[in-house]
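> below are the sequence and a predicted model; questions follow.
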Amino acid sequence: MSNETVKVKCIGMDEEGKGIIKVRGREVHVPYLIEGETAVVEVSQKKNFVSARAVKIEEKSKYRAAPKCPHFYQCGGCQLQHMSYQGQSEFKQNIIEKLMKRYQKINPILTMEDPYHYRNKMLSTMAHDEKGRVVSGIYEEYSHKVIPIEECAIQDRCADEIIASVREIMRTYKMKAYDEDREQGFLRHVLIKTGFVSGEIMVVLVVASPIFPGKNNFVSTLLKKHPEITTIVMNVNNRKTSMVLGETEKVLYGKGYIEDTLCGCVFQISPKSFYQINPIQTEVLYEKAIEMAGLKGSETVLDAYCGIGTISLIASKGAKHVIGVELNKDAVKDAVKNAKRNKITNTEFYNEDAGQFMVRLAEARQKIDTVFMDPPRGGSDERFLASLVKLGPKKVIYISCNPVTQERDLKFLTAKGYKVEEIQPVDMFPQTFHVECIVKLSRQING
Ligand code: SAH
């Protein structure tokens, strides 16, 4: 292991929001350093692994800001609270510019008016501190130690209050938090989901055993303190695993799910279903995607990687028919339910790998006019993209939470006759380095 301290200027930023410096010709990435700043940086090398830490910022960027959250430097959930929101937005705009400007000019990123407390989902892990007190928070990186967090700058405020009450009730009833190493104790995590429009609140208690001593007292005390809670679910996870939720569930109060409204459609959200975590920006994202598609009412639309069918249902109002495909079978069940709930009859959903499904559609020479695709961080695969080209829809609206894989896929599609018409970054995750981007492509040649 070697250590050295250098005084350097930060010459750029990587995709994770770390500052880039050069030390003897070699690029080093420094957390919490901003482009343009001069700083004293400690660089350590252990075998091939180089890490760096800014010890003192000598010349500050105009974008440097005091983090709002006292846990910012330990928690790791946010990476950009040391930058003003203006600075964060420019950083995200630059990421997309660098990657995609050769295809088309980039629209200004759609930002949030209030970039705090936007999350509708909060997960807290329960533990005891060294004095045996109940704490809740998140795991420290690469360890089983829980960093206590009492207030979060990006979660819905009511979730912090409910978690505080859970800690208090645990103390009153002497309930033990689960200890991963010793495999002892009871309450592992508390998951809270809130409906932004409906105001409904679901509390999921993830426990290590199906036998819940004092269950009725626990539930009634929690409800007395928080009458705003609309449902409480017990989820049993008795495995040694980093997965949060187990298989078995029991509704302790209410209907076992919450509902929320997005772009005029109502969605049912159960403990396990995937749902976008920033409701305000999700509407902004979907509205822009639908606008880009310019649906006239006569189209057959494919929604690939459709999740619980959000885009499908919203698009169905402007199209003749929508086909959704999704790998997760629970999400597909939710999509079917959601269509019924909204009395929508021109959608159908398939539980299949999107790439495989596309091959079948292409073989069957199915006519598709418009494709929405919203793949996970890894992007799409060549099988999907090759079949997409074969199907030859006039328009493709590609939504992605990882611009690097999105750009890789754009390279493929633009080489096969598609043209990028519009690029729209959206800030779905303020205070973090994540950036969402919608790209509209249109077919240039007849395949
Ligand atoms: N469009 C939805 C979900 C996007 S998240 C929304 O906005 O809510 C990406 C989705 O892709 C997830 O639901 C995930 O389960 C699904 N997925 C991942 N790999 C897939 C594959 N190979 N085929 C189909 N769906 C896949």
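Yes, it's here. Numbers count the residues shown, from 1 in each chain.
> residues contacting the closest residue to the ligand within the stretch 201-350 of the chain?
Of the residues in the stretch 201-350 of the chain, the one nearest the ligand is G307, at a distance of 2.8 Å by CB to the nearest ligand atom. All C-beta atoms are positioned from the backbone trio N, CA, C, and that covers glycine. Under the criterion of CB atoms under 8 Å, 6 or more residues apart in numbering, the contact partners of G307 comprise F274, Y275, E326, N328, A331, A335, D374.
> for the first one, helix, strand, or coil?
Taken by DSSP: H, G, I helix; E, B strand; the rest coil, the conformation at F274 corresponds to coil.
> in the stretch 1-150 of the chain, mark out all the strands, start to finish.
Using DSSP state E, counting those that start in this stretch, the strands assigned to the stretch 1-150 of the chain run over residues 2-9, 12-13, 19-23, 26-30, 38-46, 49-59, 121-128, 134-139, 146-148.
> re the thing from before, closest to L441 among the contacts of G307?
When these are ranked by distance to L441 (CB to CB), D374 comes first, at 14.1 Å.
> can you pull the phi/psi pair for the spatially closest residue to the closest one that is not a sequence neighbour?
Closest residue to D374 in three dimensions, ignoring its sequence neighbours and counting by CB to CB, 6 or more residues apart in numbering: I399, at 4.2 Å. I399 adopts backbone torsions of phi -100, psi 140, taken as degrees, to the nearest 10.
> and the gap between I399 and the ligand?
Using CB to the nearest ligand atom, to the nearest Å, one obtains 7 Å as the distance from I399 to the ligand.
> count of residues packed around that residue?
As a burial measure, the neighbour count of I399 was computed by other CB atoms under 10 Å and equals 22.
> quick check, it in contact with P376.
No - here I399 does not reach P376: they are 11.3 Å apart, not a contact under CB atoms under 8 Å.
> contact residues of the protein facing the ligand?
274, 276, 305-307, 310-311, 325-328, 331, 353-354, 374-376 (CB under 6 Å from any ligand atom).
> in the stretch 301-447 of the chain, which spans are helices?
Taking DSSP state H, counting those that start in this stretch, the helices of the stretch 301-447 of the chain run over residues 310-316, 329-341, 354-363, 382-391, 403-415.
> out of those helices, which is the most enclosed?
Neighbour counts (mean count of other CB atoms under 10 Å) averaged over each of the helices of the stretch 301-447 of the chain peak at helix 310-316, with a mean of 26.
> other SSEs contacting that helix?
Contacting helix 310-316 under the criterion 3 or more CB pairs under 8 Å, 6 or more residues apart in numbering; DSSP states H and E are the following elements: strand 265-269, helix 279-293, strand 300-304, strand 321-326, helix 329-341, strand 347-351.
> now these in TSV, with mean pLDDT and distance to L441?
Written out in TSV, the entries for the helices and strands packed on helix 310-316 read as follows (pLDDT from 0 to 100; distance: least, CB to CB, whole Å):
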stretch	mean pLDDT	distance to L441
strand 265-269	94	26
helix 279-293	98	10
strand 300-304	98	14
strand 321-326	98	19
helix 329-341	93	25
strand 347-351	97	23
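> quick check on the closest residue to I34 other than its chain neighbours: phi, psi?
Spatially, and ignoring its direct neighbours in sequence, I34 is nearest to S61 (4.0 Å; CB to CB, 6+ apart). Main-chain dihedrals, S61, degrees, to the nearest 10: phi -70, psi 150.
> S61 contacts E35, doesn't it?
Yes - under the criterion of CB under 8 Å, S61 lies in contact with E35, with a separation of 6.9 Å.
> return the most buried member of the strands of the stretch 1-150 of the chain.
Scoring the strands of the stretch 1-150 of the chain by how many neighbours each averages, mean count of other CB under 10 Å, gives strand 121-128 as the top one, at a mean of 21.
> could you list the domains of the chain?
Per automatic domain parsing, the structural domains of the chain span 1-61, 92-114+278-443, 121-262.
> deepest-packed of the ones you listed, please.
Per-stretch averages of neighbours, counted by mean count of other CB under 10 Å, single out domain 92-114+278-443 among the domains of the chain, with a mean of 19.
> returning to what we had before: can I get the contacts of G307 in a markdown table with distance to E421?
Shown next, in a markdown table, are these (distance: CB to CB, whole Å):
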| residue | distance to E421 |
| --- | --- |
| F274 | 29 |
| Y275 | 29 |
| E326 | 26 |
| N328 | 31 |
| A331 | 30 |
| A335 | 28 |
| D374 | 18 |
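> next one: R157 from the ligand, what distance?
24 Å.
> next up, the contacts around that residue.
Contacts for R157 were tallied using CB under 8 Å, 6+ apart; they are H117.
> per-residue confidence for it?
The pLDDT attached to R157 in the predicted structure is 90.
> ramachandran angles for it?
Taking degrees, to the nearest 10, you get phi -60, psi -40 for the backbone angles of R157.
> ditto for the one 3 residues further on
With angles defined as degrees, to the nearest 10, D160 shows backbone torsions of phi -60, psi -40.
> which residues touch the nearest residue to it once chain neighbours are set aside?
Using CB to CB, 6+ apart and skipping residues adjacent in sequence, the residue nearest D160 is E151, 5.3 Å away. If a contact means CB under 8 Å, 6+ apart, then E151 has C69, P70, D160 as its contacts.
> how does it look with 10 Å?
Taking CB atoms under 10 Å, 6 or more residues apart in numbering as the contact definition, E151 lies against K68, C69, P70, H71, R157, D160, E161, I163, A164.
> also Q45?
With contacts defined as CB under 10 Å, 6+ apart, the neighbours of Q45 are M1, S2, N3, E4, V23, R26, V28, S51, A52.
> for it, list each beta-bridge partner.
Using DSSP bridges, the bridge partners assigned to Q45 are S2, V50.
> just the pLDDT at it, thanks.
Q45 is assigned a predicted lDDT (pLDDT) of 88.
> could I get the domains of the chain as TSV with distance to Y85?
As requested, the domains of the chain are exported to TSV (distance: least, CB to CB, whole Å):
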stretch	distance to Y85
domain 1-61	13
domain 92-114+278-443	7
domain 121-262	12
